[in-house]
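> fold the following and give me the result.
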Amino acid sequence: MNETLNQIKEKFLVFLSVEKNLSCNTLMSYRQDIEKFLKFVNLNNISVKYIRGRNLIEYMMFLKKQGLSSSSVARNISSVRSFYKYLISKGDVNPAILNFLESPKIERKIPEIVDKQTINRIIYLSETKKERIKIRNIAILGLLATTGLRISELASLKKEDINMHENWIKVTGKGNRERIVFFPEELKPFLLHCISQGHKYLFETQKNKPLTRQNLWKIVRLSGKKAGLGISLKPHTFRHTFATLLLESGMDIRIIQELLGHKSISTTKIYTQVSKKHLKEAYKKFHPRA
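Purely as a prediction, here's the structure:
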């Protein structure tokens, strides 16, 4: 490898962007992970080409000492593995290196959800007295609750993505994969109001700039606080609740997978654990011999 590590890193990111068609957010995660790895090898004077298994174990310990969770460590190792696959495809490193780059096993946590009544309270109890902002917030929270959108997907919604006649939205998710989600009739007047106010994006500031993910996070958090939740409400809580309610109503898990935009069915199956937990709680509560 005659190129500098920085040059190799940038070429790898271009490869991910062009060949893998990854989103900006995913590319940013890869960049951060690889930069962390390259910082480690530079600090320890390790050769990327001739790295050893013990070096990779030391790297995982290095990540844990930085306070990263098990899932973050696993994601980082996955990014490094992809980086080495790229180097192998170019003939720069020995394929045997991949034997040392198995991602650590992590236990999936059961997603946190809230009940239907609480969701309704969150949506319609706005923290603002301004009518325009209140309508906008109801549309934001309503879409999160009834479509299972990711916060990044919500932030990037444009007016042209919405079909008001047939109540569906075209969403561009992870890996630039497109899907269709549906919204209920009750949200129509709120969405129409947002469409009439905005310039290009569905949710914009008064300066016609799209609301950022941070803006949307704040709206969700404050709405949860206003509704008196004992937890810090997160956008993904809506997504988890949406999926769980569909599963408990009897919807086929593969349809839920499509609505959520999951690439793998295994990701969607986490919600079967949530439903089992609910069934167990209901059994203990109502069965006389539980």
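> for the helix or strand hosting Lys36, packing partners?
Counting by DSSP states H and E, the element that carries Lys36 is helix 24-43. Under the contact criterion of 3 or more Cβ pairs under 8 Å, 6 or more residues apart in numbering; DSSP states H and E, helix 24-43 touches helix 5-19, helix 53-65, helix 70-89. In short, each C-beta sits where N, CA and C put it, glycine included.
> quick one: mean pLDDT over that helix.
For helix 24-43, mean pLDDT rounds to 91.
> CA atoms only: put it into CSV for me.
Extracted as CSV, the C-alpha positions of helix 24-43 are listed here (Å, rounded to 0.1, in the frame of the first residue of the first chain):
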residue,chain,number,x,y,z
CYS,A,24,-25.2,10.3,4.2
ASN,A,25,-25.9,9.3,7.8
THR,A,26,-24.6,5.8,7.3
LEU,A,27,-21.5,7.1,5.5
MET,A,28,-20.9,9.5,8.5
SER,A,29,-21.0,6.5,10.9
TYR,A,30,-18.5,4.6,8.7
ARG,A,31,-16.2,7.6,8.6
GLN,A,32,-16.3,8.0,12.4
ASP,A,33,-15.7,4.3,13.0
ILE,A,34,-12.8,4.0,10.5
GLU,A,35,-11.2,7.2,11.8
LYS,A,36,-11.3,5.8,15.3
PHE,A,37,-9.6,2.6,14.1
LEU,A,38,-6.9,4.5,12.2
LYS,A,39,-6.3,6.7,15.3
PHE,A,40,-5.7,3.5,17.3
VAL,A,41,-3.3,1.9,14.9
ASN,A,42,-1.3,5.2,14.6
LEU,A,43,-1.1,5.7,18.4
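> show me the contact partners of that helix.
5-6, 9, 12-13, 16-17, 22, 46-48, 51, 55, 59, 62-63, 75-76, 79-80, 82-83, 152, 174-175 (Cβ atoms under 8 Å, 6 or more residues apart in numbering).
> in the chain, where is pLDDT below threshold?
1-2, 102-111, 126-128, 274-290 (pLDDT under 70).
> report the separation between Thr212 and Ile219.
11 Å (Cβ to Cβ, to the nearest Å).
> before we move on, the earlier item: of all the helices and strands packed on helix 24-43, which one is nearest Leu191?
The closest of the helices and strands packed on helix 24-43 to Leu191 is helix 5-19. By Cβ to Cβ, the value is 32.2 Å.
> other SSEs contacting the closest one?
helix 24-43, helix 70-89.
> pick the most buried one from the ones you listed.
helix 70-89 (a mean of 18; mean count of other Cβ atoms under 10 Å).
> export only the CA atoms of the next helix or strand along the chain from that helix, formatted as CSV.
Sequence order places helix 116-124 as the next helix or strand after helix 70-89, per DSSP H and E. In CSV, the C-alpha atoms belonging to helix 116-124 read as follows (Å, rounded to 0.1, in the frame of the first residue of the first chain):
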residue,chain,number,x,y,z
LYS,A,116,-52.2,3.6,22.6
GLN,A,117,-53.8,6.0,25.1
THR,A,118,-50.4,7.5,26.0
ILE,A,119,-49.6,8.0,22.3
ASN,A,120,-52.8,9.9,21.8
ARG,A,121,-52.1,12.1,24.8
ILE,A,122,-48.5,12.8,23.5
ILE,A,123,-49.8,13.8,20.1
TYR,A,124,-52.5,16.2,21.1
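> and helix 116-124, what does it pack onto?
Using 3+ Cβ pairs under 8 Å, 6+ apart: helix 116-124 touches helix 131-147, helix 213-226, helix 235-248.
> what separates the first one from the chain centre, distance-wise?
For helix 131-147, the distance between its averaged C-alpha position and the chain's averaged C-alpha position is 19 Å (Cα atoms, centre = their mean, to the nearest Å).
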